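> sequence and predicted structure are below.
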Amino acid sequence: MQFDLLTTDPHSSARAGVLHTDHGDIPTPIFMPVGTVGSVKAVHQSELRNSVNAKIILGNTYHLYLRPGLDILRQAGGLHKFIGWERPMLTDSGGFQVFSLAANRKLTEEGCTFRSHIDGSKHVFTPERVMDIERIIGADIMMALDECPPGTSDFQYAKKSLGLTHRWLERCIARFDSTEPLYGHHQSLFPIVQGCTFPELRRQSAEFCASKDREGYAIGGLAVGEPTDIMYSMIEVVNAILPQHKPRYLMGVGTPANLLEAIERGVDMFDCVMPTRNGRNGLLFTLHGTINIKNKKWETCFEPIDPDSPAESDRVYTLAYLHHLIKAEELLGLQIASIHNLTFYLQLVTMAREHILKGDFSQWKASVITDIMRRI
RNA sequence: GGGGAAGUCGCAUAGUGGCAAUUGCAACAGACUGUAAAUCUGUCCUCUUCGGAGUUCAGUGGUUCGAGUCCACUCUUCCCCA
């Protein structure tokens, strides 16, 4: 895997680049739709390709390990073949489930013991085991197993947690480097910078991760309960240390405004459930603000969802129709809303990239940032 | 014409002497950030300074300290027999 850094914005840390993988090139900055269990919820793969124009999507180690399970994935020839997706993929390690399923897991030096959220059965994730599983899934980018502590963690806990994450990273790297891809294409391992809201821990973690000389780096443990301005300052601290010529991936973020702020601070890759989940729950993102399509005021708005969208469903269907579909709990409503939000997210990062290449990213960002998150 | 059953806040329901009154749906609004989420939360008789206050259970009258609940009549709906 190779990363070509094309341009850095003269007025900020924003960068435009291309990440080359065996499954294709990824222009950066990029947003990666989340497809936890081998499906971007409510969005068909052909829509991801043709309407959304997703360049890379996510899968989740924990969820795919539980279902369909490793035997099936191995027999299928990996996740790409299993789900019919020939473009790049990235797998999260289950580190986020250490956080989100905190009630159902136990952490030790050795690893993490989960109680399955599906049937309550017990499963052990060690760094080595997670590397083996991610090899079987076969994503182009594999994430290290980390602990994602809550954004409200105190220094004592954050420091202790970071130590564990770093020791786990070394074990991930040892296992990763001593194993081969199973399906003939290259896989990369990204370390994850942690350190909660403490600049000294973030710095220490960024230096530790950078010293491992990998093909890309992730920033984790943000947008998990800490104030947004703290998140931004943590990104600045970390990106000042991570190598310029490698991609930086901000995990789990975020709102359209979060993306622009993070791009300005030098982030190249993003993923978030927000466009799909909020879409299913009736919230649409647009350049002019957010729309709660369930609100009565859209009942008779017979304007296209977005007349200029590359997605046909945005051009053909009206807000009134989508209002009706979502109110009536029709599955088509979930699809149209999800496609709309993902298309918007991909357009947003594409626009950001064009302005970085053009050299006026900061002005453009300033001109859209206030409108983008207001409520229409 | 005779006999029986029933009327509760948009709809459907609970309630058989202490009730502004259960639950579901609908409606209206809010939340959602590496997905245990097509989920969750709030409001939902009127007014409110959020402490309360005022009017309610088909209608009228009555019994009772107190009635959605008991009694009488009226109205309406449904079922059965002619």
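Received, thanks.

> how many neighbours does residue A:14 have?
Using other Cβ atoms under 10 Å, residue A:14 has 25 other residues around it. For the C-beta atoms, the positions are set from N, CA and C on the backbone; glycine is no exception.

> wait, I meant residue A:245
When neighbours are defined as other Cβ under 10 Å, residue A:245 has 10 of them.

> check contacts around it.
Residues near residue A:245 by Cβ atoms under 8 Å, 6 or more residues apart in numbering: A:3, A:5.

> ok but it is inside a helix, no?
No - with DSSP: H, G, I helix; E, B strand; the rest coil as the criterion, residue A:245 is coil rather than part of a helix.

> let's see the pLDDT reported for it.
On the pLDDT scale, residue A:245 is placed at 97.

> residue A:99 too?
On pLDDT, residue A:99 comes in at 89.

> three-state assignment of the residue lying closest to it once chain neighbours are set aside?
Distance criterion Cβ to Cβ, 6 or more residues apart in numbering; nearest residue to residue A:99, sequence neighbours excluded, is residue A:148 at 4.0 Å. In three-state terms, and counting by three-state DSSP, residue A:148 is coil.

> residues contacting residue A:148?
Taking Cβ under 8 Å, 6+ apart, we find residue A:148 in contact with A:95, A:96, A:98, A:99, A:194, A:220, A:221, A:224.

> now narrow these to whatever sits close to RNA strand B.
Restricting these to those near RNA strand B by Cβ under 7 Å from any atom of the strand leaves A:95, A:96, A:99, A:220, A:221, A:224.

> what's the third one sitting at in phi/psi?
It refers to residue A:99. phi -80, psi -50 (degrees, to the nearest 10).

> give me the distance between it and residue A:57.
Using Cβ to Cβ, to the nearest Å, residue A:99 is found at 21 Å from residue A:57.

> these two - which one has more neighbours?
Per other Cβ under 10 Å, whichever of residue A:99 and residue A:57 has more neighbours is residue A:57, with 26 against 19.

> what comes up buried for the helix or strand residue A:340 falls within?
Residue A:340 is part of helix A:331-358, with elements assigned from DSSP states H and E. Residues of helix A:331-358 classed as buried: A:333-353, A:355-356 (neighbour count, 16 or more other Cβ atoms under 10 Å).

> what mean pLDDT does that helix get?
On average, the pLDDT along helix A:331-358 is 98.

> and the helix or strand following that helix, what does it pack onto?
Per DSSP H and E, the first helix or strand lying C-terminal to helix A:331-358 is helix A:361-372. Counting contacts by 3 or more Cβ pairs under 8 Å, 6 or more residues apart in numbering; DSSP states H and E, helix A:361-372 packs against helix A:256-264, helix A:331-358.

> Throw those helices into a markdown table and include distance to RNA strand B, thanks.
Shown next, in a markdown table, are the helices and strands packed on helix A:361-372 (distance: least, Cβ to the nearest atom of the strand, whole Å):
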| stretch | distance to RNA strand B |
| --- | --- |
| helix A:256-264 | 5 |
| helix A:331-358 | 5 |
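
> so which of those helices is nearest residue A:50?
Comparison of the helices and strands packed on helix A:361-372 against residue A:50 by Cβ to Cβ identifies helix A:331-358 as nearest, at 10.1 Å.

> list the residues that contact the residue nearest the centre of chain A.
Nearest to the mean C-alpha position of chain A, counting by Cα atoms, centre = their mean, stands residue A:271 at 1.7 Å. Contact analysis of residue A:271 by Cβ under 8 Å, 6+ apart lists A:31, A:32, A:33, A:34, A:58, A:90, A:249, A:251, A:252.
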